[in-house]
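Student: Sequence and predicted structure are below.
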Amino acid sequence: MLGARGKVGAEVCRAVESADDTELVAAVDAGDDVEELVRAGAEVVVDFTHPDVVMDNLRFCIEHGIHAVVGTTGFDQSRLDQLETWLVDAPGVGVLVAPNFSIGAILMMRFAAQAAPFFDSVEVVELHHPDKADAPSGTARRTAELIAAARREAGSAPMPDATSTGLEGARGADVDGVRVHGLRIRGLVAHQEVVLGAAGETLTIRHDSLDRVSFTPGVMVGVRSIGDHPGLTVGLDAFLDIG
Ligand SMILES: NC(=O)C1=CN([C@@H]2O[C@H](COP(=O)(O)OP(=O)(O)OC[C@H]3O[C@@H](n4cnc5c(N)ncnc54)[C@H](OP(=O)(O)O)[C@@H]3O)[C@@H](O)[C@H]2O)C=CC1
Ligand SMILES: O=C(O)C1=N[C@H](C(=O)O)C[C@H](O)C1
């Protein structure tokens, strides 16, 4: 485990230790020697650290032939391309990058993409605890990309928006043409709403992670599956039987 003393890392350590078919061989956090992963013979590394350090961690894992299950966010296309490049020299190694491991969040993204072509307007609102480093959240970024792809494929018209003047940021970030708004509120964990609208109606799809245990079943699916999936996989959907 990389990020073993972090909020999610601590939950993952508990899940790995309490399962019959997995063993926690190394619990590494900031300041610890990453070589411990190799000395301990880790077959799979789970990374819940920080966007600033995750790429160095993954280069280390790939170079040492260790599969990786990555929850850390802050990934854009250039980072994913970099991982693909490193993986060319390590053909047996699998890396899973999943912006959200909770089954509810994965379904929320699916439902949003499915609904998006049926409405004129779609915007994403993500709400998180204020200790979060990245904005928008990885989940919101991925949701917006999926919505944009679904609308492109359906030939949807551009979304209506008459804004011609306003304060910078007031309309959120533009991710692939989809507006994403971020709130950072003490007391929250991880929440997201996708708000869709057409003449005379709106549809709101909301997901709430109320506790970080919501992420661990999905992480365990990733840990058990990644060895059979060499190369880069983005999103846990590929390992779930959800069509
Ligand atoms: N994909 C998903 O389902 C989810 C993803 N996340 C993402 O996971 C990441 C971590 O979230 P969270 O647990 O809340 O954050 P935390 O800050 O609670 O935990 C991160 C931990 O990683 C440690 N760390 C920092 N640098 C290194 C390093 N080089 N090697 C090993 N450990 C290191 C930190 O130490 P220190 O504090 O001393 O710097 C800290 O203990 C974030 O990017 C978050 O967005 C979160 C929830 C779910
Ligand atoms: O930092 C968090 O807490 C979370 N990060 C992930 C993200 O950026 O989407 C997943 C979840 O939202 C919790």
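Tutor: Perfect, I can see it now. Numbering: from 1, shown residues only. Ligands and ions are numbered 1, 2, ... in the order given.
Student: Get me the contact residues on this protein for ligand 1.
Tutor: For the chain, the contact set with ligand 1 under C-beta under 6 Å from any ligand atom comprises 2-3, 5-9, 28-30, 48-51, 53, 71-73, 98-101, 132, 215. Placement of C-beta: from N, CA and C, glycine included.
Student: Return only those of these found close to ligand 2.
Tutor: 73, 99-100, 132.
Student: Of the residues you listed, keep whichever come out buried.
Tutor: 73, 99-100 (16 or more other C-beta atoms under 10 Å).
Student: between the residues you listed, which is nearest Arg151?
Tutor: The closest of these to Arg151 turns out to be Pro99 (C-beta to C-beta; 19.6 Å).
Student: wait, what's in contact with that closest one?
Tutor: 73, 75, 137-139, 141-142, 235 (C-beta atoms under 8 Å, 6 or more residues apart in numbering).
Student: Look at it and give its secondary structure.
Tutor: coil (DSSP: H, G, I helix; E, B strand; the rest coil).
Student: Quick check: phi and psi at the closest residue to it other than its chain neighbours.
Tutor: Excluding the flanking residues, the one nearest Pro99 by C-beta to C-beta, 6 or more residues apart in numbering is Gly138, at 3.3 Å. Gly138 adopts backbone torsions of phi -60, psi -40, taken as degrees, to the nearest 10.
Student: Tell me what the residue lying closest to Ile185 once chain neighbours are set aside is bridged to.
Tutor: Ranked by C-beta to C-beta, 6+ apart and with sequence neighbours excluded, the top spatial neighbour of Ile185 is Leu127, at 6.2 Å. Leu127 has the following beta-bridge partners by DSSP bridges: Leu183, His191.
Student: What parts of the protein come near ligand 2?
Tutor: Checking the chain against ligand 2 by C-beta under 6 Å from any ligand atom, the hits are 73, 99-100, 128, 132, 137-139, 190.
Student: What distance do you get for the residue nearest the centre of the chain to Leu232?
Tutor: For the chain, Pro99 is the residue whose C-alpha lies nearest the centre (C-alpha atoms, centre = their mean; 0.4 Å). Separation of Pro99 from Leu232 (C-beta to C-beta, to the nearest Å): 14 Å.
Student: Tell me who's in contact with the residue lying closest to Gly104 once chain neighbours are set aside.
Tutor: The shortest distance from Gly104 to any non-neighbouring residue, by C-beta to C-beta, 6+ apart, is to His207 (4.9 Å). Going by C-beta under 8 Å, 6+ apart, His207 touches 102, 104-105, 107-108, 191-192.
Student: so His207, which of the three states?
Tutor: Per three-state DSSP, His207 ends up strand.
Student: Look up the residues forming beta bridges with it.
Tutor: Counting by DSSP bridges, the residues bridging with His207 are Gln192.
Student: hmm, back to that, now secondary structure too, for the contacts of Pro99, in TSV please.
Tutor: Converted to TSV, the contacts of Pro99 look like this (three-state DSSP):
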residue	secondary structure
Thr73	coil
Phe75	coil
Ser137	coil
Gly138	helix
Thr139	helix
Arg141	helix
Arg142	helix
Gly235	coil
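Student: Most widely separated two among those?
Tutor: Once C-beta to C-beta is applied, these give Ser137 and Gly235 as the farthest pair, at 14.5 Å.
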